[in-house]
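The following comprises the amino acid sequence and a computationally predicted model.
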Amino acid sequence: MVSAKDPREEVIQAWYMDDSDEDQRLPHHKEPKEFVSFDQLAELGVLSWKLDADNYETDPELKKIREERGYNYMDVCEVCPEKLPNYEQKIKSFFEEHLHTDEEIRFCAAGSGYFDVRDRNDAWIRVWVKKGGMIILPAGIYHRFTLDESNYIKALRFFVGEPVWTPYNRPHDHLPARQQYVKDFVENDVANHAVDAAA
C-alpha cells in the first residue's frame, strides 16, 4: 500500500548540510544528498505545517494553532535588500548560530528561506521553508537563518505575550531554556535509544 504524500513536502524540505563555506544562500546539499524527514525534525522539537498563505488572516487551521498555543502577538517581517534596514548587517546577524529563550514561530507568506538547526550530534540540518510553510523552533535549540538565492521572504512572526527577539549567540549552554531543551530532546532521546538497545 502506498502511503499518502505529506502535504508539507510541497512547502518544507530538510537535509543535512555539507561543510562548504560557499555562499550561505546556496542549498549546501551533501553528496549524495541526505534528506531529513518530518519525524526526524519533530524528534528535535521542530514542528511544521502547510497552511494557506494567500488567506492567512482567515485560515481556520492557523487560527486553531494560534489559539491552542497562545500566540496572541503577530507581525510581518520582510527580509530583502529593499525592505530591511541595515540589510547586510542583519543577514550576517541572523546567520550567527544562536538560541532564544522562547519558541521561534515563522510562517512563510511569500518567498522562501533556510532555517538551519543542529541535530543531537551537532550536525547542521537545513530546513527550506517556502510559501505556505510554517515552522516552530523550540526554545533553546541552536539555529540560524539565511535567505536562499531568491533573496526574499515575507514571514509572519508569532509570540506568546509581548515579543522578545533576543538572540543568545553560542555558547549559551548555561541558560535554563538550553538546559531544558537538552533534557527534553537530547538526553531523552539518548535514554530512549539505550532502552531500545537493551530490549
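Perfect, thanks for sending it. Numbering: from 1, shown residues only.

Pull up the pairing partners for the biggest strand by length in the chain, direction included.
Ranked by residue count, the top strand of the chain under DSSP state E comes out as strand 104-118. Using DSSP bridges, strand 104-118 pairs in its sheet with strand 124-130 (antiparallel), strand 133-137 (antiparallel), strand 143-147 (antiparallel), strand 153-159 (antiparallel).

What lies in contact with stretch 10-28?
29-31, 33-38, 40-41, 48, 50, 95, 108, 114, 116, 123-133, 135, 146-149, 151 (CB atoms under 8 Å, 6 or more residues apart in numbering). (C-beta placed from N, C-alpha, C; glycine too.)

ignore the last one, stretch 79-94
Residues contacting stretch 79-94 (CB under 8 Å, 6+ apart): 78, 111, 113, 144-147, 151-153, 155, 167.

three-state assignment of Leu41?
Three-state assignment for Leu41 (DSSP: H, G, I helix; E, B strand; the rest coil): helix.

didn't it look like it was pressed against Ser48?
Yes - counting by CB atoms under 8 Å, a contact exists between Leu41 and Ser48, whose distance comes to 6.6 Å.

Look at those two and report which has more neighbours.
Leu41 (21 against 18; other CB atoms under 10 Å).

hmm, back to that, buried ones from the contacts of stretch 10-28, can you make that a ChimeraX selection?
Here is the ChimeraX command that selects the buried residues among these (16 or more other CB atoms under 10 Å):
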select :36,38,41,48,50,95,108,114,116,124,125,126,127,128,129,130,131,132,133,135,146,147,148,151
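
pretty sure Gly161 contacts Tyr73?
Yes - proximity of Gly161 to Tyr73 meets the contact threshold set by CB under 8 Å, at 6.8 Å.

of the two, who's got more company?
Tyr73 (14 against 10).

What's the separation between the more buried one and Ala4?
Distance of Tyr73 to Ala4, computed by CB to CB, to the nearest Å: 35 Å.

Over to Asp184?
30 Å.

Could you do Glu43 as well?
The gap separating Glu43 from Ala4 is 21 Å, by CB to CB.

now Pro167
38 Å.

Val160 now?
Distance from Val160 to Ala4, by CB to CB: 33 Å.

Between those two, tell me which one has more neighbours.
Higher neighbour count among Val160 and Ala4: Val160, with 15 against 6, using other CB under 10 Å.

got a list of what the more buried one touches?
69-73, 102-103.

which residues in this structure form strands?
Going by DSSP E, the chain shows strands at 12-16, 47-50, 73-79, 98-99, 104-118, 124-130, 133-137, 143-147, 153-159, 168-169.

how much distance is there from the first one to the middle of the chain?
Meaning strand 12-16. On the basis of CA atoms, centre = their mean, to the nearest Å, strand 12-16 sits 10 Å off its chain's mean C-alpha point.

next one: the second one
With CA atoms, centre = their mean as the basis, strand 47-50 stands 10 Å off its chain's centre.
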